[in-house]
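Visitor: This is a predicted model, with the sequence first.
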Amino acid sequence: MPPRHDVDERELEVGHPKDHAAGPTAVAVAVKRAVEQMGTVRTARTLLKLNQVDGFDNHGCAWPDPEAGHRHTAEFCENGAKAVTEEATKRMLGRDFFATHPVADLAQRTDYWLGQQGRLAEPMVLRPHGTHDEPVSWEEAFETIGRAPRRLGPVTRLDRPEEEVECASRDDAAVSVLTARAVPLGGPRAMTVRRTLPQRGRTMIGAWCFVDHYGPDEVAETGGMKVAPHPHTGLQTVSWLFTGEIEHRDSAGHHAMVRPGELNLMTAGRGISHSEVSTPDTRTLHGAQLWLALPAAHRGTDPTFRHFAPDPVTGQGWEARVFLGSLLGSTSPVDTFSPLVGAELLIEADTVLDLDVDPAHEHGLLVDAGSVVVEGTPGSASDLVHVPAGCATLRVEAGEEPVRALLLGGEPLGEAIVMFWNFIGASHEEVAAFREEWQAQITRDGAVVGDSQDVADGRFGIVLDDHLAPIPSPALPNARLRERR
């Protein structure tokens with residue numbers, strides 16, 4: 001049975017919740033849907049086995065197990081029957097379907113439309129730099145799946161979109177440790193990063209509102225970084241590498257290379273789009289991608305770009321590169337829109353480093369390598385150790401191995417932001433408008449353009465000499481976006 005191309009989502013009806021079981025009507029609707037996709041014989045065999053002692057359970061059913069001897073012939077709910085129907089459908093999706101539907105197109109489809117197309121007829125994979133899913137052998141599929149857990153490490157809550165996290169920074173007096181969660185960059189088969197900010201317990205440290213940490217990744221295995229043109233508003237991106245090289249292009253006309261120990265700071269302001277792609281000569285990619293929220297008074301500023309290579313400052317058992325603000329007698333010349341500090345610290349094993357810091361700042365120490373004790377609180381690799389404002393001295397003790405870490409700090413922003421995907425704004429309505437403007441720029445006749453040079457002019461401009469297909473925005477959640485502080 002071929003995929004269904006004539007899906008009309010207007011056939012979906014949303015009504016008031018019922019205060020009783022739908023009974024025979026629900027069974028009739030479920031059977032009708034099942035027969036359409038499975039045929040009469042398979043429908044009868046499947047539904048009569050659903051949630052039966054000699055059959056199988058379906059977790060789409062919020063259905064308790066009846067007492068022994070009290071099961072009915074139709075022991076399922078409407079949603080459970082529909083879920084089984086999509087899994088057992090005779091509609092098959094093969095290589096021809098994926099050859100005609102690029103990933104960028106499928107990403108814009110609804111779950112209902114996707115579910116109505118059918119089920120996979122063979123294993124598929126999205127190759128590095130690919131635009132379409134491609135068929136692979138079962139042997140390669142199992143080998144790829146087997147490699148993924150070893151490369152990713154612990155993975156938690158990948159099903160929870162970042163924009164749906166409900167949280168607010170707390171004015172805790174104690175030092176706390178924010179642990180990382182693995183997040184695929186651009187999809188579940190893409191390069192994976194470790195995200196420590198934002199999260200449920202804390203959304204910002206000063207104006208720092210986003211902390212991604214990645215690598216060391218062998219580019220031959222992961223495909224490296226290939227982030228096609230995408231938009232930003234109301235923030236600054238801070239790129240900092242430990243190993244490798246990334247090419248930056250943006251719609252304000254900037255073309256630069258991100259190299260280890262050098263700051264690339266892009267101010268999105270009222271709107272910009274950019275791309276980031278690891279260079280062909282990069283063998284290992286390792287670094288951090290950070291965002292700063294702009295204060296409301298400066299969110300409408302013109303987009304700009306700044307590059308700065310700080311000289312190292314050294315002491316007994318330590319070395320530092322201060323790329324924003326002031327620390328350890330070194331001051332960055334890069335202007336910021338709120339009081340900040342950002343620095344890379346290299347600390348030898350068993351060394352104690354006392355940092356004189358601004359007591360008006362709160363701080364986060366992102367541990368890249370080794371283990372530390374910060375103001376008496378231990379932290380391990382990939383942890384972000386948060387220290388609230390009020391400390392004039394910050395003690396960092398290295399463990400038995402050398403430590404590399406990023407110190408991120410600043411005065412609490414003191415105002416609310418609304419954040420969704422790559423946009424920061426003042427309200428749900430403003431962010432939704434930014435999203436609509438981006439979608440309008442990148443689509444023609446309902447489809448995303450295949451070349452970023454075909455993007456229409458507008459708020460987000462056109463990325464300089466980049467020919468990758470732009471990244472469409474995910475859909476807004478059904479609820480209003482919440483403020484973050």
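Guide: Yep, it's here.

Visitor: ok, residues contacting the strand or helix carrying P229?
Guide: P229 belongs to strand 226-232 when assigned by DSSP states H and E. Contacts of strand 226-232 with the rest of the structure, by C-beta atoms under 8 Å, 6 or more residues apart in numbering, involve 128-129, 185-186, 191, 249, 251, 266, 268, 271-278, 422-423, 434, 438, 452, 455, 460, 463, 466, 468-471, 473. (Glycine included, C-beta is placed from N, CA and C.)

Visitor: Just the buried subset of these, written out for ChimeraX, thanks.
Guide: Here is the ChimeraX command that selects the buried residues among the contacts of strand 226-232 (16 or more other C-beta atoms under 10 Å):
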select :185,186,191,249,251,266,268,271,272,273,274,275,276,277,278,422,423,434,438,452,455,460,463,466,468,469,470,471,473
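
Visitor: Show only the entries of the contacts of strand 226-232 found in strands.
Guide: 249, 266, 272-278, 423 (DSSP state E).

Visitor: Farthest pair within those?
Guide: The distance between the two most remote of the ones in strands among the contacts of strand 226-232 (C-beta to C-beta) is 24.9 Å, for S278 and F423.

Visitor: gap between the helix or strand following the strand holding P229 and the chain center?
Guide: Per DSSP H and E, the first helix or strand lying C-terminal to strand 226-232 is strand 235-243. Relative to the mean C-alpha coordinate of its chain, strand 235-243 is positioned 16 Å out (C-alpha atoms, centre = their mean, to the nearest Å).

Visitor: Give the buried residues for strand 235-243.
Guide: Using 16+ other C-beta under 10 Å as the test for burial, strand 235-243 gives 235-242.

Visitor: Next one: the nearest residue to G329 once chain neighbours are set aside, what pLDDT does it get?
Guide: Excluding its sequence neighbours, the residue lying closest to G329 (C-beta to C-beta, 6 or more residues apart in numbering) is V313, at 6.3 Å. V313 carries a pLDDT value of 97.

Visitor: distance of V313 from G234?
Guide: Noted for V313: a distance of 32 Å to G234, by C-beta to C-beta, to the nearest Å.

Visitor: Those two: which has the busier surroundings?
Guide: More crowded of V313 and G234, by other C-beta atoms under 10 Å: G234, with 29 against 15.

Visitor: Run a quick neighbour tally on L120.
Guide: Using other C-beta under 10 Å, L120 has 13 neighbouring residues.

Visitor: Specify the beta-bridge partners of it.
Guide: Under the criterion DSSP bridges, L120 forms beta bridges with L93.

Visitor: Distance check, it against W138.
Guide: Note on L120: its distance to W138, by C-beta to C-beta, is 12 Å.

Visitor: where along the stretch 51-200 of the chain do the strands fall?
Guide: 92-93, 119-120, 124-125, 134-135, 176-178, 181-184, 192-197 (DSSP state E, counting those that start in this stretch).

Visitor: Could you provide those in TSV, with additional columns for distance to D368 and mean pLDDT?
Guide: Listed next are those as TSV, based on distance: least, C-beta to C-beta, whole Å; pLDDT from 0 to 100:
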stretch	distance to D368	mean pLDDT
strand 92-93	42	82
strand 119-120	39	82
strand 124-125	30	84
strand 134-135	35	86
strand 176-178	15	94
strand 181-184	16	83
strand 192-197	10	90
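
Visitor: Out of these, which is closest to W318?
Guide: strand 176-178 (21.8 Å).

Visitor: which parts of the closest one are buried?
Guide: Applying a neighbour-count criterion of 16+ other C-beta under 10 Å, the buried positions in strand 176-178 are 177-178.
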